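Peer 1: Return a 3D structure for these sequence lines:
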Amino acid sequence: MDANFTKTAYAIIDKPNGRNIQKAVASTFVGDMFVTTGFNKTIFAVRQTDKDKIDAYKEWNSFRQTSGGLEMPWYRDRPALLTIRAKKQYVLTLAAANDSMYMLSVPNDRVKGQILIKVNNKDRLLSSETPLSSALELKDSMDIKDYYFTAGSISEGVFYAYSKNYNTLVLIDIATAKIIDAYAMPKMGEISALAIKNDSIFALTHDGDKVVIVQIKKPE
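Peer 2: Presented below is the predicted three-dimensional model:
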């Protein structure tokens, strides 16, 4: 899409022809690639390429439909992240910083707490898994294990993660996996994505069938 959200190119991924993505939940940019994860930690990348440089067979193998000029650049197109601590948890976030991608696992009925997952950009292999902890004293009614992160973005070494439980923006130091600050968010519907630019945070929100991008000031 361009700056006015007009579609400029598209592709429909051939889901059965590779690892099962199930449902795509979060995306981020890594260099010139648009990287997306399913909730089961299966990731894939797409990038724009000159149409005359596209491998026709791989294009047919990767996409059910395409406008052309798009390719899946990885040799193994849909690597599954083989986590250990977060093996029995799903993810709803994906963000990139420096040479790595990061995810936050979400709790379920059997596994509580969250894991900060770090993945190397080059080989797409697990670098580390660190349980989330807090450098803050939370309010009496709050439990860190209840945070359920549905959106996030990284800026200057801090993961700005939105939790639908408590409607809170949580700031996490990616070097230590510690919560360093937290802010109450205005009510704006279900938030499924965050992006940060300069001193603003842009939230993709859903309210029934209505999808809106909301701009708020980034906490200082």
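
Peer 1: Could you give the backbone dihedrals for residue 80?
Peer 2: phi -100, psi 130 (degrees, to the nearest 10).

Peer 1: For the closest residue to it other than its chain neighbours, give me its contacts.
Peer 2: Once flanking residues are discounted, residue 80 sits nearest to residue 42: 4.8 Å by Cβ to Cβ, 6 or more residues apart in numbering. Backbone N, C-alpha and C define where each C-beta goes, glycine included. Residue 42 makes contact with 19-22, 78-81, according to Cβ atoms under 8 Å, 6 or more residues apart in numbering.

Peer 1: quick check, nearest of these to residue 8?
Peer 2: residue 21 (23.0 Å; Cβ to Cβ).

Peer 1: What about that closest one, how many residues nearby?
Peer 2: 19 (other Cβ atoms under 10 Å).

Peer 1: What sits closest to the residue most central in space within the chain if chain neighbours are left out?
Peer 2: With distances taken as Cα atoms, centre = their mean, the chain has residue 94 as the residue nearest its mean C-alpha position (2.0 Å). Leaving aside its sequence neighbours, residue 94 sits nearest to residue 26 (Cβ to Cβ, 6+ apart; 3.9 Å).

Peer 1: pretty sure the one you found belongs to a helix, no?
Peer 2: No. Counting by DSSP: H, G, I helix; E, B strand; the rest coil, residue 26 falls outside a helix, being strand.

Peer 1: which residues does it bridge with?
Peer 2: Counting by DSSP bridges, residue 26 is bridged to residue 37.

Peer 1: Help me confirm that it comes into contact with residue 101.
Peer 2: No. Applying Cβ atoms under 8 Å, one finds residue 26 not in contact with residue 101, separated by 10.2 Å.
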